[in-house]
Structures are given as C-alpha cells and as structure tokens.
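**Student:** next input, structure requested:
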Amino acid sequence: MAMKGDGGMKVFVIIHTTTPGGVQRVGTYEVYWFRRLGYDATLLAIFKSKVKEWDLFQKLGVKPIYLSRNEAFGRAVYPLLLNLMSITVDDTIPDAIFAHNIPGGQVYLSIKKRYTKRIPLILYLHDPLVYPISGSFYAICASRIPSITLRLEESLIQEASIVLTNSKKTLVKLLRIHKNKNNVGLQDKIRILYPTLNTPIAENEIKKDRKNYLLTVGRIDHEAFLNLYRIMKNIDLPLIIAGSYHPYNADALRIIRLYNDLRSKGKNIKFIFFPSDDVLLELYKNACLFVYSGHENFNMSAIEAMSAGCPILVANTSGVCEILPKSLREYICLPKDRIDLWVNRILEIVRNDESYRLGKECWRITLRYNINTHMSKLVNVLREVAE
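**Tutor:** Predicted structure coming up:
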C-alpha cells in the first residue's frame, strides 16, 4: 500500500451533511489526518446546510465538496436520485472510499457506477437502521415502512469490504438485525472502531479548582436534553448547554423553550450555540461535571470532556462506557430514565468535591483512546482492503 512519502493513496470520505455533529466531525478529522499521513483525501457531503458553516473546516483546512448546494433539494430529493445517477467527482479513480452511514454508502454506489475497476468500500455505521437525513424521501418512508431502510443497509453491507461500528453495542445490534439476511461473512468483516478524535491535554493542565457549573454538549434535539431538563428541575446548580441545532428542527426548538421556561423561573442556565473547539475546550476544562443523560451509540462529547480532565456522568447504555473500567463505569454510568439517581449522583459528586479526582481517572483512560489510536486502526483497515 502507498504510504507517506510514496505519493499517497486517493481516498474519499463521505458524510451526509456538514451541519455540526458527531459523524460529520469524524469524517472531517479523518480527511485532515489522512492528509497529514500523506494520503490524497477528499471530503464529500450530500448537501450544504443553511446553518452557519462550521469553523472546524477552516481550522483543519478541509474544504468539503458538496453534491448539492441547495439544502431543500439535497435534503428531500437528492438521496432518492442517488440510486439512479452516476456521480463524477474528478477524473482520478479513488483507491478506497470511507462511507459514513447509509447515505454515505448510497453516494459510494453512485460513484462506483462510473468505473469498471472495483473500489473498496469501508462502511462506517454509527446508527444501524437509521436514515439520518430528516425530511428525505427515505426518512419519511422508513418511518412508515422500516423494511426500506433495512434493504438499503443490507445492500451496502454486502457491497462493503469492511464494516465498522462505533461500539460493541452497535456491532451486536447490527449482527442481530442482519443475522439471517444473506449477509454471508458479515461476522468476519465487521469490527469496532471507537470514534475517538480527542487529544488529551497535558496532565499539569488539569484544573483542581473548577467552576461550579454542569456542562452538556451535543445536538439539542437529543433525548438527553429532555432528561436533563427533568434533572435540572430538581437541582439548583448552574448549567451550560453548548450545542448545535437546525432552525427547522421542531424538537430542538421545543427543548430550547423548555429550558428558557426554567430560566424564567430563576434557574441559572446558559446557552452557547455552535461553540468553536477552543471554546469547548475551555468549557470542558472548567466544568465540575459533564452530564449526558441519554443513550448514544458512542458519545464523542463525553470522551472530549474526559480528555480535558472533566469527569462525566452518562447513560449506562452509551458506547463510551465500554472503555471504562468496571469500578468507574458503575459509578458514572446510570440508567438514562432514573432521574432520581442522576440528581443524587450529581449532588454527591459536587458536595464531596470529587470533580478533580474523577476527572483525573477519566483523563487517564483517554491516554489509551484518542485520535492516535483511531487513525492507526483506520490506516490498518485501509492497508487491509488495499492488499
């Protein structure tokens, strides 16, 4: 396989949109680090969102190629057309394609039509049986006829050289869904790649004297924000919500209204919309506790917090719990719907001043799980399909 200093392989990384989010961050960082390692890497996105362009692209020097610049068309109709059209990005045949989730796989199939040479597909499924483009033909149909998404996913799994999942929970779910679906050899080509894009801060940068606020970070339409709303009704600690949302997303607007209602009743709650990575790092370094009371197949925000020496409290079904030692997992991973347990554990950590100790424990784990481990495994995957 061509490596750094040998001209580099040509690699496409495909995501569905560039609205701030976990999958989009993974794809963008992968392109950045592939380039650092000497590969000719390109980031493709199905459509450009009307949301203010993410500062991450400028920070990393990664400019996405959009297949559709009209969000309404790209969101609703373009995914349907992907099954019919042949996409041309440039005249050079890619040596491999990393496709994130089902829409990324659809783009792969459209690119593949143009070439007679087989292009290896590495399919990274973060959310099995989910079509993440809301408002699209497939998302609307899948809500009524789930078998549509199932058939799409099956076809992509059969096409893929390797299937990656973001946690053991996702892997088990995928195998259970497709066990009897003619996916011969799925067990052999499926594996876990934790999306650990974090970079641990130096140990001497971990703050002992932290500010007395809770922090949550993520896409504001998630169930975690509803559970946290119920938690905040029972405690009086300050809360900072750092996240993104789409102005057309009704769930996000509802959640924001709920928190504004708490603010009107005297709760100390602050929103920071679309924070930069530099702002996020400072928030993580100073928060007494990161709280995310909803299931995530992994939870990249949680491991970002850990890398900054910030202790976390997360749902016990989240994939990030898989990398924690048993003793720590039992303490900071809670059933997502047991609001009483969340309230008691938050107050226990704050009252006993456990933030620094727990933060150090979390930070040590990120010395073994970070961007270096993620990319080294990804390069090994690329080496495997290129053989």
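
**Student:** state the distance from the closest residue to Ile87 other than its chain neighbours to Ile133.
**Tutor:** Ranked by CB to CB, 6 or more residues apart in numbering and with sequence neighbours excluded, the top spatial neighbour of Ile87 is Ser110, at 4.3 Å. Placement of C-beta: from N, CA and C, glycine included. Plainly put, Ser110 is 15 Å away from Ile133 if you go by CB to CB, to the nearest Å.

**Student:** who's more crowded, these two?
**Tutor:** Ile133 (21 against 18; other CB atoms under 10 Å).

**Student:** dump the residue contacts of the more buried one.
**Tutor:** Ile133 makes contact with 16-17, 46, 75, 79, 103, 139, according to CB atoms under 8 Å, 6 or more residues apart in numbering.

**Student:** helix, strand or coil for it?
**Tutor:** coil (DSSP: H, G, I helix; E, B strand; the rest coil).

**Student:** buried residues in the helix or strand hosting Leu283, which are they?
**Tutor:** Assigned by DSSP states H and E, Leu283 belongs to helix 277-286. For helix 277-286, the neighbour count (16 or more other CB atoms under 10 Å) marks 280-281, 283-286 as buried.

**Student:** which SSE is immediately downstream of it?
**Tutor:** strand 289-292.

**Student:** starting at the chain centroid, how far to that following strand?
**Tutor:** Strand 289-292 sits 17 Å away from the centroid of its parent chain (CA atoms, centre = their mean, to the nearest Å).

**Student:** what of stretch 325-337?
**Tutor:** 21 Å.

**Student:** count of residues packed around Ser136?
**Tutor:** By other CB under 10 Å, neighbour count at Ser136 equals 22.

**Student:** isn't it right up against Ala76?
**Tutor:** Yes - Ser136 is within contact range of Ala76, at 5.8 Å (criterion: CB atoms under 8 Å).

**Student:** hmm, back to that, from the buried residues of helix 277-286, pick the one nearest Leu37.
**Tutor:** Looking at these and their distance to Leu37, the nearest is Leu281, at 24.1 Å (CB to CB).

**Student:** whatever helix or strand Ile14 lives in packs against which elements?
**Tutor:** Using DSSP H and E, Ile14 sits in strand 10-17. When contacts are defined as 3 or more CB pairs under 8 Å, 6 or more residues apart in numbering; DSSP states H and E, strand 10-17 packs onto helix 22-36, strand 40-47, strand 96-100, helix 101-112.

**Student:** for the helix or strand of the chain with the lowest mean pLDDT, output the C-alpha coordinates as CSV.
**Tutor:** Least confident helix or strand of the chain, by mean pLDDT, DSSP states H and E, is helix 186-189 with a mean of 84. Provided in CSV are the C-alpha atoms of helix 186-189 (Å, rounded to 0.1, in the frame of the first residue of the first chain):
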residue,chain,number,x,y,z
LEU,A,186,-20.6,-10.3,8.0
GLN,A,187,-19.1,-11.7,11.2
ASP,A,188,-15.7,-11.8,9.6
LYS,A,189,-15.7,-8.3,8.0
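
**Student:** quick check: what element follows that helix along the chain?
**Tutor:** strand 190-192.

**Student:** what sits up against that following strand?
**Tutor:** Contact with strand 190-192 is made by 162-168, 170-171, 174-175, as judged by CB under 8 Å, 6+ apart.

**Student:** at 7 Å instead, please
**Tutor:** 163-165, 167-168, 171, 174-175 (CB atoms under 7 Å, 6 or more residues apart in numbering).

**Student:** show me the shaky parts of the chain.
**Tutor:** In the predicted model, the chain carries pLDDT under 70 at residues 1-7, 180-185.

**Student:** what about the strands in the stretch 51-200 of the chain?
**Tutor:** Counting by DSSP state E, counting those that start in this stretch, the stretch 51-200 of the chain has strands at residues 65-68, 96-100, 121-125, 162-165, 190-192.

**Student:** repeat that for the stretch 251-387 of the chain.
**Tutor:** 269-273, 289-292, 312-315, 333-334.

**Student:** now do the strand holding Ile14 and strand 40-47, the angle between them.
**Tutor:** 20 degrees (axes from the mean of the first three to the mean of the last three CA atoms, to 10 degrees).

**Student:** neighbours of the closest residue to Glu53 other than its chain neighbours, just the number please.
**Tutor:** Nearest residue to Glu53 in three dimensions, chain neighbours excluded: Thr18, at 7.2 Å (CB to CB, 6+ apart). Neighbours of Thr18 under the rule other CB under 10 Å: 23.

**Student:** for Thr18, what are its contacts?
**Tutor:** Taking CB under 7 Å, 6+ apart, we find Thr18 in contact with 24, 45, 48-49, 54, 64.

**Student:** how many other residues sit next to Met85?
**Tutor:** Counted with other CB under 10 Å, Met85 comes out at 12.

**Student:** now Gln158: how far from Leu121?
**Tutor:** Gln158 is 10 Å from Leu121, by CB to CB.
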